[in-house]
Structures are given as C-alpha cells and as structure tokens.
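Trainee: For reference, the sequence and a predicted model appear below.
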Amino acid sequence: MTWIFFTFLAAFMQSWRNAFQSHLSGDVKTAGVTLARFLWASPIAALYLLGLYQYQPEAALPIFNLSFTSFVVGASVMQIIATALMVKLFKFNNYAVGAGLAKSEALVAAILGMIFFGTHLSLLGWSGVVIGGVGVFMMSTQGGWRQLSVPTVLLGLGSGSAFALTSLWIREASLALGLPFPYSAAWVLLSVISLQTLMLVAYLLVSDPATLKALWLRPKIVVATSVCSCIGSLGWFSAMSLEAVPYVKTLGQVEIFFTMLISVFWLRQKVRIKDGLGLILVALAAVLVMWT
C-alpha cells in the first residue's frame, strides 16, 4: 500500500504547485511559468537520490539503455507540452476549473492503460469513465449547458492527454532500468527534470531572455513552485513505479478537493455550484475506477 501514500503526497503537493503556477501566470509568459516548475527541482531530486545511496551504499547503479533514454525524452517533452497547455487553460477559466479539466488525465490514462497495457475495466470502472466525462463537460460550459467553450475543452483534454502519456512513459522508463524501488523512480525523476530544465532554459535564452529575467525577479514564488513540483513528481514517479498508471492517476484525483480548498481560501476565487458538481463527479469517477 506504499503507492497510496505516495499518491496522496503527490496530489497534495501538485495542488499547491498548480496554485503557484496559476498565480505566476498573471505576470510571466507561459514558457516561463512552465520552467518555474522545473527550475530548482533538479538539485532537490539529486539530493534525494544521493540520500538513498548514502542510506544504502551497496545499492546497484543503473545501466542506461536505449529504451530508458527514449521513454525519458518522450516523457520530458510531453510533460512540458502538458504543463504549457494547463497554464494556458488557467487564462480561460478560474484556477479550480482549469485544474479540474486538466485532470481528464486520469480518464485518458485509464483508457490508454486498458488498450496498450492490458488493464481491464469492469462495468463499474466504465461507469466511472462516463461519470468523469460528464464532470469535465459540466466544467467546460460557460453560462449554461448550451454554451460549450470549445477552446477550454480542447485545452483541458489536450493537457490531460499529454499528462497521461507522460505518466505511462515514466512508468515504462522506470521498468526499463531494472532497479528496485525506490532507486528506479529516483533515477527517472532526476533524468526527466534535468532534461526538461536544460531544454526550457536553452529555449528561453535564445528566444525570450526577458522571461528568464521575470522569473529571476520573483524568487519566492518560483522556488515554491519548484519545490512543490519536485515533491509532487517524487510522489507520482514513486507510485507509478509500484502500481499501474490508471490506478495511480484515478486515486490521485483527490487533488481536486485540495484544489477547491486552495482556490477558495488562498486564491479567494469563487467556485460555481455547477463547477463544484463537475469536480465532484470527476472525483467520483476516480473512486469508481479505483474500486474496480
């Protein structure tokens, strides 16, 4: 049951990371907000990995192969895309709704897991998928059921799908190393975060140095975003090393309740009754799929 603890840790930290990113998105461009997620996370991931080997010095070192490298590169690029889409999503609706739409990741991961990884859903599980879809639909409507916001739906589903692919490839990268838990997860965490940081910093140095300066001028919120992101990723990567992605991501939708609390009490945003019902339906979908 260790994966359950790591999933709850990941969900809690991710809800705070999303809140910090939502706040930062008002002053910094999308690429900069995306980089804030990774900028100071690599040193934390390196210290965590070093601590593991200090605790157990006889633990084996990894042998990096082509499969591992391919999955790490794919997951790194896809997570950057997913995060950028989510940041854009915050501009279409308020924080809680944006994060809720991005949680379509759990439903997509369940479907892709069933198709490509042999995960079978029962009738109860499929009921969860349908209920989650209804929840996403409710949160994507503005001004009533007949006024569906197509850009919001596309961004939300796009972000969720990209996050789902990221999660599936991260698990495959962890399995490709052939190391025991938690070393496999720790190596994948350090590899993915370091690659993402290098790619984004290089991109911004060439195309938009002003955004790097904007991040430098906001050290507190950037550090807070990176710390929450790294701890959250540690939770996700660890859980997905122990259990199949669809189950981890469906249980991880408890993040929605943390999101609602942060949205109301920290960001001082109002959540409409319809949005709240949509979030609850998505959470119920997670429970039903997990139950199976």
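Mentor: Cool, got the structure. Numbers count the residues shown, from 1 in each chain.
Trainee: who touches stretch 164-171?
Mentor: Contact with stretch 164-171 is made by 71-72, 74-75, 78-79, 82, 105-106, 108-109, 112-113, 116-117, 188, 192, 236-237, 240-241, 244-245, 248-249, as judged by C-beta atoms under 8 Å, 6 or more residues apart in numbering. Backbone N, C-alpha and C define where each C-beta goes, glycine included.
Trainee: Make sure Phe68 is indeed in a helix.
Mentor: Yes: the assignment for Phe68 is a helix, going by DSSP: H, G, I helix; E, B strand; the rest coil.
Trainee: So which residues of the chain form helices?
Mentor: Counting by DSSP state H, the chain has helices at residues 2-24, 30-36, 41-55, 66-90, 95-102, 104-117, 123-139, 150-177, 183-207, 209-216, 219-242, 245-251, 255-265, 273-291.
Trainee: Let me see the mean pLDDT of the fifth one.
Mentor: When pLDDT is averaged along helix 95-102, the result is 60.
Trainee: show me the residues around the residue nearest to Val73 when sequence neighbours are not counted that make contact.
Mentor: Excluding the flanking residues, the one nearest Val73 by C-beta to C-beta, 6 or more residues apart in numbering is Leu195, at 7.0 Å. Counting by C-beta under 8 Å, 6+ apart, Leu195 touches Val72, Val73, Ser76.
Trainee: Distance check, Leu195 against Val201.
Mentor: Using C-beta to C-beta, to the nearest Å, we find Leu195 at a distance of 11 Å from Val201.
Trainee: got it, and Ala185?
Mentor: Per C-beta to C-beta, Ala185 is found 24 Å from Val201.
Trainee: Kindly report the same for Ala41.
Mentor: 13 Å.
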